[in-house]
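Visitor: Return a 3D structure for these sequence lines:
(one chain, ligands or ions: 1)
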Amino acid sequence: MKLYRHPLSGHSHRAQLALSLMGVPHELIDVDLMKGAHKAPEFVKLSPFGQVPVLDDNGSIVFDSNAILVYLANKFDPDHRWLPRDPKGQADVQVWLSVAAGQIAFGPAAARLITVFGAKYNAEDVIGRAHALLKVMEVPLAARSFLVGNAATLADIAGYSYISAAPEGNVDLSPYPNVRAWLARVEALPGFVPFRKTAVGLAA
Ligand SMILES: N[C@@H](CCC(=O)N[C@@H](CS)C(=O)NCC(=O)O)C(=O)O
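Guide: Below is the predicted model of the structure:
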């Protein structure tokens, strides 16, 4: 199992975290985004949008971080711990995969792209979106340990990387004690692997 990734990419970390938490042996292959390796024709054959992460499971190629999470859960989680089978449980997890591809990507992930990669987004807009999201997350996390119930699921894996790194994008997590306690619970899961830190923004 190979994971093509960049060490500062939260989408890549999300996939790495899933592999590690599910105990799936894997090899990490760094893709040099700075040199444009993700747009090279050979890589675009694996990843049509020219993005990391990409999973290569013995020739079976899966691109898109959330698709990788679902693939791994379906293949390596016989107890359906990470992705429940019952319709309501699965829908509840899907909500957070959508949030990861929506509000997280356009909020805290975008805010961090400004400080880490020099992206030309409007900082006020994306930081504002991040706080709107965090206010929503704070509510369910007052009543339960993880985003969907009291056991970790793909929802938590999808949410963790960019929320934990939000301060790097000048998004202050101090007003959100329930979110911070949730991050600590994810970090305490067996097999947790940290997302590489960058000393920028509020994390400088
Ligand atoms: N929807 C994709 C987004 C992946 C993504 O945005 N990857 C970034 C790195 S964090 C990337 O490869 N950016 C380069 C580009 O878009 O050209 C996923 O969830 O995997």
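
Visitor: Report the buried residues of stretch 51-64.
Guide: For stretch 51-64, burial by neighbour count (16 or more other C-beta atoms under 10 Å) applies to 51-57, 62-64. Yep, even glycine has a C-beta here, placed from its N, CA and C like the rest.

Visitor: Start and end of it, how far apart?
Guide: 8 Å (C-alpha to C-alpha, to the nearest Å).

Visitor: does any part of it sit near the ligand?
Guide: Yes. Stretch 51-64 reaches the ligand (C-beta under 6 Å from any ligand atom) through 51-53, 64.

Visitor: can you tell me which of these lies nearest to the ligand?
Guide: For those, the residue nearest the ligand by C-beta to the nearest ligand atom is Gln51; the value is 3.3 Å.

Visitor: In contact with that closest one: list those residues for me.
Guide: In this structure, Gln51 makes contact with 11, 38, 63, judged by C-beta atoms under 8 Å, 6 or more residues apart in numbering.

Visitor: Then His80?
Guide: Applying C-beta under 8 Å, 6+ apart to His80 gives the contacts Ala73.

Visitor: repeat that with 7 Å
Guide: Taking C-beta atoms under 7 Å, 6 or more residues apart in numbering, we find His80 in contact with no residue.

Visitor: Helix or strand: which one has it?
Guide: Of the helices and strands defined by DSSP states H and E, none includes His80.

Visitor: Check Asp56 too.
Guide: strand 54-57.

Visitor: Using CSV, write out every CA atom in that strand.
Guide: Output of strand 54-57 as CSV, limited to C-alpha atoms (Å, rounded to 0.1, in the frame of the first residue of the first chain):
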residue,chain,number,x,y,z
VAL,A,54,-3.4,9.3,-3.8
LEU,A,55,-3.6,5.7,-2.5
ASP,A,56,-2.1,2.9,-4.6
ASP,A,57,-3.4,-0.4,-3.2
